[in-house]
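Chemist: No sequence on hand, only this structure:
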């Protein structure tokens, strides 16, 4: 689909320079751009590679001389990454699925589908499920009994949503995401070695071998508006109360959210993040890839973790954390430096011991 | 579905107090409970919140004065978490699926389904598969050729079980679980850099770039009775012998069990646990979230690990482990404390060096 | 299916000894082998267990006396692990799926399927998809619009391939693998706390709470020849350019490859490996289980990491790395040793401080 430079600039709330009626079909990196591409040259670093490609139009950095760059038209981007959001939304061709309800989908007659809802081939929608208007329910997806999904949802292929899950508007789920699996909760008849080891910080006690009895999940999952869940991620149901995810929170691939967990608004959880049962996470929290959080802890608003952080205790609001165990990022950076010099420290101490043990009058 | 307090107490083997014929439909946390809820107030902490809700009946802690708490009926729970098991099993509404075989399911005529087996929409059951009586095979599941599943299985939506996998009775699998993928096993024509680096603990040698040849998995997967597998977890087939999982073992979401691994009875493997190929794990082992275990190691009975533990070597029976690398929990707790004071240690040593290097008669 | 020892030796390019016309059906470990098994006794360790089984034929180590081992026929394996590749390929019974196109599959009339392509039950193949000859497209798989898959592909049950993904020849994907989910890329209108914390290494600044705007993925995924992807692994599309994976690279289960990532040829990525956005990885790189790699870093050719390694910065070619943070394996091994003696080091320094602070003339 073609857009003029003016149309794109208007959609972005940005300024068009030069031949504003020039048409482009899509975007490209400057070096690979052809005459129907809008090149993305949002920092001065791209000045050179623009010349390697054949772009006639580009998104450029504030202050760039578009004519000197050999362009016929340009759009000025004051905050480049943010411009990317509007630009890619405009140009996204999506998956190209047909609208309407595919005849192979198995839709229960008691499901309620809003106006303009599309259902892909071989999807299953259960009894009493409610799906808001203009939602796209992809191929081979599953929406369980009495689940509720708000308007404008977009479920990619193979997404699975269990019974009684409640989701707000504009929900996006990537392929294979699972919402509403049963929580992982088991109990032994007598006190288990795990309970004892946790209480004593290491002593498992003498409780013998026991089998695990299942605690069923009676709660559901409640998800706010504007939430996105990544490919093959899993969000478990609560035991009694619901597992909850606030508005605007975005979750990456292969993330695991345990039962009873509560996550606030506008959080970002990156790939392989795992949150164990009953943990509470505030608003605007950002957890980098592979961050793990213990069960039953609390993470305050605006907390940020670095990659691989293992959180074993509460974190107050506003902290930036890194490491295993999670410590303030500056502390962990010091520790990382220290580890690299640890051998020398042992050598120094060994040397000191020898020096000091010698009677001073012998030196 | 309604139950009297007496019915619930009887099912739990517990004691009913007060109006034992009072009816409830489900459970709730004390503060949110209504008159048709059984409030869960299993510790004295809930005494206050009970007053905030409108529960007429509750599960209470031993010694609680149910009348003073404003209740009309009560059930006494000597070990609260264990009572939860029976209680939630009784009240679990499940996914609400229809019984019988959905006409859209593709069931091979040579598959053998026991009495009372239900098969959901768009499931596929292969040639020679055997499914025990009263099993529930959910929507969009796959059961491969000659796979055998015992009686009373419950496969949630989208579970996939490969050819020739053998599973015991009362198996539960959460959405998207995969049993019987091929093992990850590759070999180079000449000794690879990995083999050399492992043998020398760090020197990759001079073996040049080589391509990987695939070792196919001829073995299967054998799973005992009463096993549960979490959402989107994966269990690979063995190379020659089978990958095996013992009776009563419970596995959480996004867990990876490699080829040839053998896991004992009554183990608990939490979210994101990964077990590399040919590792053997004993009975009653509990691995906390994100625990990783190297290939070809041995973990003894009753071992417990804390969150994020990376196991690079054998662990004898009964140890409680934590950290990267895995060490006894008490050792790792000491190390964690030491790391926080590491900078001070460097400062102390630096100071000592200065002090000691000064000739004593100068002080 | 039966093979003679001669047939197997010929297929492996190995030497047959003794009764080369003896027939076997499959392989087994020596202790469990019956008379129709080819026992795998590739190292002298197996000399004893061969006697416990009833094998008449075995693959043996160079120099073994097959007659003294009680065998009637033998095959000599100079590099045992490599022989396993050819042997298991020959004997792999596969999933036993029927050939042809199952009538329940939903294949768009505008999809192009090469000669000899099989499509399993309830698969979906989109508009404009191209699938190379002799490919096996398993049950309940999804191939999106305009996706291209080379000849000889083998997609296990439930694999999902998004629109416009391009894949080379002989591709293998395990159950539930997802190729072509949207990248995880979000941006705030003003500078976010994460951007500030990264720039300052720990100070999140005073940027208040903001919501995340989505950056859509316009790029695709390009995968070379002879690539294998594990069960429930996910590979995201690029933002502008494509995410790329080179020839001969093998990826295990539950691995996450972020948007814009580029991976070279003949790499091995083990279970739970995670690669964050825009990171570049060279050729012949081997990342052990649970290795995590930050976004926007570079890993050179022939790099090897040990289990659980967290890579936060570039790694030059040829390094063998271990730990969190990733350091040279020998350095990390030293650190691991140091951590175990850390308490003693604190004690030593504490003692030294006391000794040194005492005036020397008092000793």
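Modeler: Good, I have the coordinates. Quick caveat, the model's predicted, so the values are computed rather than measured. Numbers count the residues shown, from 1 in each chain, chains lettered A, B, ... in the order given.
Chemist: For the rest of this, base every contact and every neighbour count on C-alpha atoms.
Modeler: OK.
Chemist: helix, strand or coil for residue A:345?
Modeler: Three-state call for residue A:345 (DSSP: H, G, I helix; E, B strand; the rest coil): helix.
Chemist: Please tell me how far the residue lying closest to it once chain neighbours are set aside sits from residue B:352.
Modeler: With C-alpha to C-alpha, 6 or more residues apart in numbering or on different chains as the criterion, residue A:345 has its nearest non-adjacent residue at 7.2 Å, and that residue is residue B:346. Look at residue B:346 and residue B:352: by C-alpha to C-alpha, to the nearest Å, they are 10 Å apart.
Chemist: Residue A:273: neighbouring residues, count only.
Modeler: Residue A:273 has 27 neighbours, counted by other C-alpha atoms under 10 Å in any protein chain shown.
Chemist: actually residue A:209, not the one I typed
Modeler: 16.
Chemist: Next, residue A:129: phi, psi?
Modeler: phi -70, psi 140 (degrees, to the nearest 10).
Chemist: Pull up the per-residue confidence for it.
Modeler: If you check residue A:129, the pLDDT there is 98.
Chemist: Same check on residue A:208?
Modeler: 67.
Chemist: The residue nearest to residue A:8 when sequence neighbours are not counted in helix, strand or coil?
Modeler: Distances taken as C-alpha to C-alpha, 6+ apart put residue A:87 closest to residue A:8, at 7.3 Å, once the chain neighbours are dropped. Here residue A:87 is recorded as helix under three-state DSSP.
Chemist: ok, how many other residues are close to residue A:87?
Modeler: There are 19 residues near residue A:87, going by other C-alpha under 10 Å.
Chemist: Hmm, residue A:13 and it touching each other?
Modeler: No: with contact defined as C-alpha atoms under 8 Å, residue A:87 does not count as touching residue A:13 (10.6 Å).
Chemist: correct me, but residue A:306 touches residue A:321?
Modeler: Yes: at 6.3 Å, residue A:306 counts as touching residue A:321 under the criterion of C-alpha under 8 Å.
Chemist: Which neighbours do these two have in common?
Modeler: residue A:329 (C-alpha atoms under 8 Å, 6 or more residues apart in numbering or on different chains).
Chemist: what's the pLDDT at residue A:307?
Modeler: Looking at residue A:307, the pLDDT reads 98.
Chemist: Give me the phi and psi for it.
Modeler: Per degrees, to the nearest 10, the backbone of residue A:307 is at phi -60, psi 130.
Chemist: need the contact list for it.
Modeler: Residue A:307 touches A:287, A:288, A:289, A:290, A:291, A:322, C:292, C:294, C:310, C:312, counting by C-alpha under 8 Å, 6+ apart.
Chemist: Which element, helix or strand, includes the closest residue in space to residue A:233 that isn't next to it in sequence?
Modeler: Among residues not flanking residue A:233 along the chain, residue A:254 sits closest, at 4.1 Å (C-alpha to C-alpha, 6+ apart). Residue A:254 belongs to no helix or strand when elements are defined using DSSP states H and E.
Chemist: Would you mind measuring from residue A:254 to residue C:262?
Modeler: Between residue A:254 and residue C:262 the computed distance is 20 Å (C-alpha to C-alpha).
Chemist: Neighbour count: the two, which is higher?
Modeler: A count of neighbours by other C-alpha under 10 Å puts residue A:254 above the other of residue A:254 and residue C:262, at 32 against 24.
Chemist: That one against residue A:272, yeah?
Modeler: Yes: under the criterion of C-alpha under 8 Å, residue A:254 makes contact with residue A:272 at 5.0 Å.
Chemist: Between the two, which contacts overlap?
Modeler: residue C:256.
Chemist: residue contacts, the spatially closest residue to residue A:181 that is not a sequence neighbour?
Modeler: The shortest distance from residue A:181 to any non-neighbouring residue, by C-alpha to C-alpha, 6+ apart, is to residue A:236 (4.7 Å). Listed by C-alpha under 8 Å, 6+ apart, the contact partners of residue A:236 are A:179, A:180, A:181, A:182, A:183, A:221, A:243, A:257, A:258, A:259, A:260.
Chemist: so which of those residues is the most crowded?
Modeler: Within the contacts of residue A:236, most neighbours by other C-alpha under 10 Å means residue A:259, with 32 neighbours.
Chemist: count of neighbours near the residue nearest to residue A:345?
Modeler: 17.
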